[in-house]
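Engineer: Sequence and predicted structure, then a few things I'm wondering about:
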Amino acid sequence: MARARQLKPSFFTNEALSTLPTSARLLFSGLWTIADREGRLEDRPSRIKVELLPYDRVKVDVLLQKLHEAGFIARYESGENKYIQIVNFTKHQHVHPNEAASTIPEPQLAPSHAPKNGLKLMKTDLQRDRAKSKRRSGSANRITSAETEANSPTESGNVTSARVKEDTARARITSTSTSSSDPSDRHTPAAPSPRQRFFKSGSRGKQIGALIDEARAHGYELDASHVGGMLKRYPKGAVWDALVKAQGDKVANYESRMEDTLSDAKRKHPSERVGEVENVGGRETKRPSPFAGMGKQAGSSSEEP
């Protein structure tokens, strides 16, 4: 059964993938839609052609082999059956939590099928190690130079002055070494949560991004244009609570449930608006949100943190 999958912009700029024929690249993206939640499928070229390239005169078996040799998929056997594993599938795809578990056995990937971007990661690690080694080497050289200078008395034979220089040099090197230590050893403040970013940001684009990140943490991919429309029509606190309620209800379609929740709340309070000032007992006060408390069951609130 075909499934909806994500296609990232980096797919079109991948240099390793660009060396393959256009039909191979199209086939590669199509494989994602017929693979299971682990990125596995049966290696049946004729059937794959019917499902993905029914109108093209191409040899799917040849294209699959090109993708295999380039390291984007791995063709393997288990018993008498042949299968395909899409490399790094679970890293780039966020499958729906209700999608059925894979029934295809896991392959034993050869080193040649490590992801191509692994080369970039290896280069980055090597550069980081070299930088650390260079810092340590520089500190050692400065200590040796300082000791040599301190152990050489002045022409007047002032040994006390030499010892003062030695102590000063050691203190300076210790301070420099401490300040130039690996930044990863220092304490860094935790990144703000999607909820904090959502309420603190005045940009609708950032609010949409926070909503998508929150849903993605629960295994669901929100439609950006859909939630953007909600933010135009409803208070942002109510939209957040509607998302939390959809998560708590564990529905298959967040957008539909959020729309239903917001519409119901709007119908119950058709004339009220969030933040509207009204006169209560001779005192001006802000009217409370008609959507307040929608997400309490899921541990949320429409009030800004």
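Structural biologist: Alright, I've got the coordinates.

Engineer: Quick check: which ranges of the stretch 151-300 of the chain have low pLDDT?
Structural biologist: In the predicted model of the stretch 151-300 of the chain, residues 151-166, 169, 171, 173-188, 269-300 satisfy pLDDT under 70.

Engineer: Tell me where it has helices.
Structural biologist: Remark: helices assigned in the stretch 151-300 of the chain by DSSP state H, counting those that start in this stretch are 159-179, 194-200, 204-217, 224-233, 236-249, 254-268.

Engineer: how near is residue 263 to residue 230?
Structural biologist: 10 Å (Cβ to Cβ, to the nearest Å). Backbone N, C-alpha and C define where each C-beta goes, glycine included.

Engineer: next one: residue 54
Structural biologist: 38 Å.

Engineer: what do you get for residue 218?
Structural biologist: Per Cβ to Cβ, residue 218 is found 18 Å from residue 230.

Engineer: Show me which residues of stretch 231-243 are buried.
Structural biologist: 231, 234, 235, 236, 237, 238, 239, 240, 241, 242, 243 (16 or more other Cβ atoms under 10 Å).

Engineer: One more: stretch 67-75?
Structural biologist: 67, 68, 70, 71, 72, 73, 74, 75.

Engineer: Assign residue 62 to helix, strand or coil.
Structural biologist: At residue 62, secondary structure determined by DSSP: H, G, I helix; E, B strand; the rest coil is helix.

Engineer: Need the pLDDT of it.
Structural biologist: For residue 62, the pLDDT comes out at 95.

Engineer: same check, this time on residue 127
Structural biologist: The predicted local confidence for residue 127 is 55.

Engineer: before we move on, the earlier item: which of the buried residues of stretch 67-75 fall within helices?
Structural biologist: 67, 68, 70 (DSSP state H).

Engineer: What is the nearest of the residues you listed to residue 81?
Structural biologist: For these, the residue nearest residue 81 by Cβ to Cβ is residue 68; the value is 16.5 Å.

Engineer: list the contacts for the closest residue to the closest one other than its chain neighbours?
Structural biologist: Leaving out its chain neighbours, the residue that sits closest to residue 68 by Cβ to Cβ, 6 or more residues apart in numbering is residue 75, at 4.8 Å. By Cβ atoms under 8 Å, 6 or more residues apart in numbering, the contact set of residue 75 is 43, 64, 65, 68, 82, 83, 84.

Engineer: at 10 Å instead, please
Structural biologist: By Cβ atoms under 10 Å, 6 or more residues apart in numbering, the contact set of residue 75 is 43, 61, 64-65, 67-69, 82-85, 107, 113.

Engineer: Report the beta-bridge partners for it.
Structural biologist: residue 84 (DSSP bridges).

Engineer: burial measure for the closest residue to residue 259 other than its chain neighbours, as a count.
Structural biologist: Leaving aside its sequence neighbours, residue 259 sits nearest to residue 230 (Cβ to Cβ, 6+ apart; 7.2 Å). Other residues lying near residue 230 total 21 when counted by other Cβ atoms under 10 Å.

Engineer: what's the spacing between residue 230 and residue 43?
Structural biologist: Distance of residue 230 to residue 43, computed by Cβ to Cβ: 43 Å.

Engineer: Residue 167 too?
Structural biologist: Taken as Cβ to Cβ, the span from residue 167 to residue 43 is 72 Å.

Engineer: ok, residue 224 touching residue 209?
Structural biologist: Yes: under the criterion of Cβ atoms under 10 Å, residue 224 makes contact with residue 209 at 8.3 Å.

Engineer: ok so, going back, hey, what's in contact with both of residue 263 and residue 230?
Structural biologist: Joint contacts of residue 263 and residue 230 (Cβ under 10 Å, 6+ apart) are residue 242.

Engineer: that older thread, between the buried residues of stretch 231-243, which is closest to residue 5?
Structural biologist: residue 243 (22.4 Å).

Engineer: Who are the contact partners of the closest one?
Structural biologist: Counting by Cβ under 10 Å, 6+ apart, residue 243 has contacts 194-195, 198, 210-212, 214-215, 218, 220, 222, 227, 230, 254-255, 257-258, 261, 295, 298, 300.

Engineer: Would you mark the buried spots in stretch 199-216?
Structural biologist: 199, 201, 207, 208, 209, 210, 211, 212, 214, 215.

Engineer: Could I have the CA atoms of it written out in PDB?
Structural biologist: Taking C-alpha atoms only, stretch 199-216 is exported to PDB below (Å, rounded to 0.1, in the frame of the first residue of the first chain):
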ATOM      1  CA  PHE A 199       4.300  32.000  22.800                       C
ATOM      2  CA  LYS A 200       7.300  34.300  22.900                       C
ATOM      3  CA  SER A 201       7.500  34.800  19.200                       C
ATOM      4  CA  GLY A 202       5.600  37.500  17.500                       C
ATOM      5  CA  SER A 203       6.300  36.100  14.000                       C
ATOM      6  CA  ARG A 204       3.600  33.800  12.500                       C
ATOM      7  CA  GLY A 205       6.300  31.900  10.600                       C
ATOM      8  CA  LYS A 206       8.100  31.000  13.800                       C
ATOM      9  CA  GLN A 207       4.800  30.100  15.500                       C
ATOM     10  CA  ILE A 208       4.000  27.700  12.700                       C
ATOM     11  CA  GLY A 209       7.500  26.200  13.100                       C
ATOM     12  CA  ALA A 210       7.000  25.700  16.800                       C
ATOM     13  CA  LEU A 211       3.600  24.000  16.200                       C
ATOM     14  CA  ILE A 212       5.200  21.700  13.600                       C
ATOM     15  CA  ASP A 213       8.100  20.800  16.000                       C
ATOM     16  CA  GLU A 214       5.700  20.000  18.800                       C
ATOM     17  CA  ALA A 215       3.600  17.700  16.600                       C
ATOM     18  CA  ARG A 216       6.700  16.100  15.100                       C
END
